[in-house]
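Participant: Quick one, fold the following:
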Amino acid sequence: MKIKIALCQFKVEDNKDNNLRKAALFIAKAKEAKADIIVLPEMFNCPFDSQLFSKYSESEGDTTYNFLKEQSSNVLLVGGSIPEKYENKIYNTSYIFENENLLGKYRKINLFDVSYKNINYKESATVSPGTKNLVIDSNFGKIGIAICFDIRFPGIFTAMEQDNPFLYVIPAAFNHLSGPAHFKLLGRSRALDTQSYLVLCSPASNTNTSYDPYGHSMIIDPWGEVLNELDSDEGIGIQIIDTDFVNEIRAKLPIKKKLI
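Facilitator: Next up, the predicted model:
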């Protein structure tokens, strides 16, 4: 089966309405390109700033949730992530809709608490960690979902492998220190580990925000080859993938049988 994937990489600013309008424009362009699966960035309605998460947080059924539901008509939409408010806690949450139906939501498990060189960030100061992995059943097959820092923890992917996804989608906002060093390396590693397609979708670089995302959204195949990579600016990455290639790689290099 051939599937067209669109990665929407745009600047996120300190204005929720503007961010949703920008997301709608990019989704419309992706639909014009006849994309089957559309992916938004991590924290696409809110700058990646822990001091803003409470201000931007929403409960299920609020503005951004309904926006994603409406925008998912005739496509599978992985709604990047947003600050989700639930029982006096905030989570970094991704909602996944297909044809206006909620397939599932994933709360980021591994939070970005890092102090290295000029990067000092503690996501856990305002965000609570999720506790459950997520593999969704879509019209295209099984898809595993993770968010950003999760990619550094192979155990999450090993657990999701029990459901045998053909694709992993990871909204992610790496920075300009770890991004050049590790973003592509980690994406290729997880694609090779799982022998699956893997998608990373980042916000575009924005030097006017306290945290400047790296960008470089990309689509990687089960052989570890980067099929499509954006730079740090705004753009849409369009790529057709072939699920038959997943089966081909797994048959020729049967590492999954070694794990049983």
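
Participant: what about residue 168, which SS state?
Facilitator: Look at residue 168: counting by DSSP: H, G, I helix; E, B strand; the rest coil, its state is strand.

Participant: Excluding sequence neighbours, find me the nearest residue to residue 253.
Facilitator: In space, and not counting its chain neighbours, residue 253 is closest to residue 195: 7.2 Å by CB to CB, 6 or more residues apart in numbering. C-betas here are computed from N, CA, C, even on glycine.

Participant: should've said residue 7
Facilitator: residue 237 (3.9 Å).

Participant: Secondary structure element holding the one you found?
Facilitator: Per DSSP states H and E, residue 237 falls inside strand 235-242.

Participant: Next: residue 210.
Facilitator: Going by DSSP H and E, residue 210 is not in any helix or strand.

Participant: Run a quick neighbour tally on it.
Facilitator: Counted with other CB atoms under 10 Å, residues neighbouring residue 210 total 13.

Participant: Following the chain onward from the strand holding residue 237, which element is next?
Facilitator: In the C-terminal direction from strand 235-242 (assignment by DSSP H and E), the next one is helix 243-252.

Participant: So which bits of that following helix are buried?
Facilitator: 243, 245, 246, 249, 250 (16 or more other CB atoms under 10 Å).

Participant: Columns distance to residue 59 on top of those residues, output as CSV?
Facilitator: Shown next, in CSV, are those (distance: CB to CB, whole Å):
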residue, distance to residue 59
243, 36
245, 40
246, 37
249, 41
250, 40
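
Participant: In this structure residue 154 contacts residue 191, no?
Facilitator: No. In this structure residue 154 lies outside contact range of residue 191 using CB atoms under 8 Å: 12.0 Å.

Participant: Looking at those two, which one has more neighbours?
Facilitator: residue 191 (26 against 13).

Participant: helix/strand/coil for that one?
Facilitator: Applying three-state DSSP: residue 191 is helix.

Participant: Tell me where the stretch 1-150 of the chain has strands.
Facilitator: 2-9, 37-39, 76-78, 82-86, 89-98, 101-107, 113-116, 119-122, 134-138, 141-145 (DSSP state E, counting those that start in this stretch).

Participant: Next, format the ones you listed as JSON lines and append mean pLDDT.
Facilitator: Below are those laid out as JSON lines (pLDDT from 0 to 100):
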{"stretch": "strand 2-9", "mean pLDDT": "98"}
{"stretch": "strand 37-39", "mean pLDDT": "98"}
{"stretch": "strand 76-78", "mean pLDDT": "98"}
{"stretch": "strand 82-86", "mean pLDDT": "97"}
{"stretch": "strand 89-98", "mean pLDDT": "98"}
{"stretch": "strand 101-107", "mean pLDDT": "98"}
{"stretch": "strand 113-116", "mean pLDDT": "78"}
{"stretch": "strand 119-122", "mean pLDDT": "80"}
{"stretch": "strand 134-138", "mean pLDDT": "98"}
{"stretch": "strand 141-145", "mean pLDDT": "98"}
